[in-house]
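Q: structure, please.
(2 chains, ligands or ions: 1)
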Amino acid sequence: MAFLLSFAALIPLDNLGHYIQWHFIEISIANLIVMILMVVTFIVALVAPFPGRSRRKENR
Amino acid sequence: MSTSEIDRQWTTRLRRRVEGKLPPEKLLPDTQPTYVSSWIYVFGIATLSSLGVVIGTGCILALRGPQWWHGSAYGHFINSMHLWSVEIFFFAMVVHLWGKFAMAAWRGGRALTWMTGVVTFLVSIGAGFTGYVSQSNFDSQWISTQAKDGINATGAGAYFNVLNLGQMLMWHIVLLPLGAIVLTGMHVLMVRIKGVVPPFEEGAEVAE
Ligand code: HEM
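A: Sure, this is the predicted structure:
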C-alpha cells in the first residue's frame, strides 16, 4: 500500500487544474496532453514498421 | 412438409441469408491482405479489447457497490481499472476513427460500418457522461448540478434528469452499455461481411 501511495504522490491531484487560455479557447493541460498524444500515436501508427511484414512478403 | 413450405420458413430463409453473407471463412478469416499489416489496423481491436475490460471491471463494481469502491483498496483498484480502461477505449477509438477517415473506409458499400461506428461513438460518450454523474461522490454532485442547467435549457431535463441518481445509474449500467455492445457487434460483423476496404487506386472503382 505504501508503495502504491508513493506512486500517487508523483502527480499532485489535490490542487486546481492548470488551464491554457488563448482568446476564447480554454483547455486544461491534461486534456491538451491527451490530444497531443492521440495525434502522435496516429502519426506513429502510420509510419512505424509493423513487425513481421517484411518476413511475410519474403515467404510469398 | 413440402420443400416449398420448408423454403418459406423463416429459419430456412435466415440460415441461407447468413450462409450467403457470412460463411465461416469470412466470419473467422485466417489471412488478410498485406496492406492490413500496419499499426493503424490495431486500433479497432484495441478499442474492442479495452471495451471488454470496461465491461468486466464495471461488472465487478456492480457486484460490490459504491461503499466498497469508495472505501477499500481493492475497490479503488477496480474503480481505477474501470476509469483507465475507459481512457484507453476512447483514445484507441479516436485514433481508429481518424485512420478510417483517412482511408475513407466507408467506400464500396461500407456506409453501415462507418455509421454503426459513429453511433457507437455517440452512445459511448453518453455512457461516459452518465458514468461521471453515477460516481456517488462530490465530483458527481458537482458535475450533475452543472449539467442540469445545460440540459434544462434544452427542455430535455423533464425526461432525462441528471440529478436523478437512479435514472443515471440505470442508463449507465443497462441501456447505454447494451447499446454500445449491440452496436459494436453489428460494427464488427459488418467489417467481416464486407472485408477490409482496399487502398485507394488511381482511377479505380472500389468493388463491393
Ligand atoms: C466501440 C467502438 C469501436 C470498436 C470496438 C471498433 C472496432 C472495429 C474493428 C475491430 C474493426 C476491424 C479492424 C480495423 O480495421 O481496425 C473496425 C473497422 C472499422 N471501423 Fe470501427 N470500431 C469502433 C468505432 C468506430 C468509429 C467511431 C468509427 C468511425 C466513425 C469506426 C469506423 C470503422 C470503419 C469504417 C471500419 C471498416 C474498415 C475497413 O473496412 O477497412 N469504428 N472497427
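Q: show me where chain A has helices.
A: A:2-8, A:29-47, A:53-59 (DSSP state H).
Q: repeat that for chain B.
A: Under DSSP H, chain B gives helices at B:3-8, B:10-21, B:24-27, B:42-64, B:66-71, B:73-103, B:111-132, B:138-154, B:165-170, B:176-194.
Q: adding mean pLDDT, distance to chain A and mean neighbour count, write the ones you listed out as CSV.
A: (Each C-beta comes from the backbone N, C-alpha and C, glycine too.) Shown next, in CSV, are the helices of chain B (pLDDT from 0 to 100; distance: least, CB to the nearest CB, whole Å; neighbours: other CB atoms under 10 Å in any protein chain shown):
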stretch, mean pLDDT, distance to chain A, mean neighbour count
helix B:3-8, 89, 43, 9
helix B:10-21, 94, 29, 10
helix B:24-27, 92, 19, 10
helix B:42-64, 97, 7, 17
helix B:66-71, 95, 14, 14
helix B:73-103, 97, 5, 17
helix B:111-132, 97, 14, 18
helix B:138-154, 95, 12, 13
helix B:165-170, 96, 23, 16
helix B:176-194, 97, 18, 17
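Q: how about the residues of chain B that lie near the ligand?
A: B:41, B:43-45, B:47-48, B:51, B:93, B:96-97, B:100, B:105-106, B:110, B:113-114, B:117-118, B:120-121, B:184, B:187-188, B:191, B:194, B:196-197 (CB under 6 Å from any ligand atom).
Q: let's see 5 Å
A: Where chain B comes near the ligand, counting by CB under 5 Å from any ligand atom, the residues are B:41, B:44-45, B:47-48, B:93, B:97, B:100, B:105, B:113-114, B:117-118, B:120-121, B:184, B:191, B:196-197.
Q: okay if I get the helices of chain B as JSON lines plus distance to A:Val39?
A: JSON lines is the format used below for the helices of chain B (distance: least, CB to CB, whole Å):
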{"stretch": "helix B:3-8", "distance to A:Val39": "55"}
{"stretch": "helix B:10-21", "distance to A:Val39": "37"}
{"stretch": "helix B:24-27", "distance to A:Val39": "34"}
{"stretch": "helix B:42-64", "distance to A:Val39": "14"}
{"stretch": "helix B:66-71", "distance to A:Val39": "33"}
{"stretch": "helix B:73-103", "distance to A:Val39": "9"}
{"stretch": "helix B:111-132", "distance to A:Val39": "18"}
{"stretch": "helix B:138-154", "distance to A:Val39": "27"}
{"stretch": "helix B:165-170", "distance to A:Val39": "32"}
{"stretch": "helix B:176-194", "distance to A:Val39": "24"}
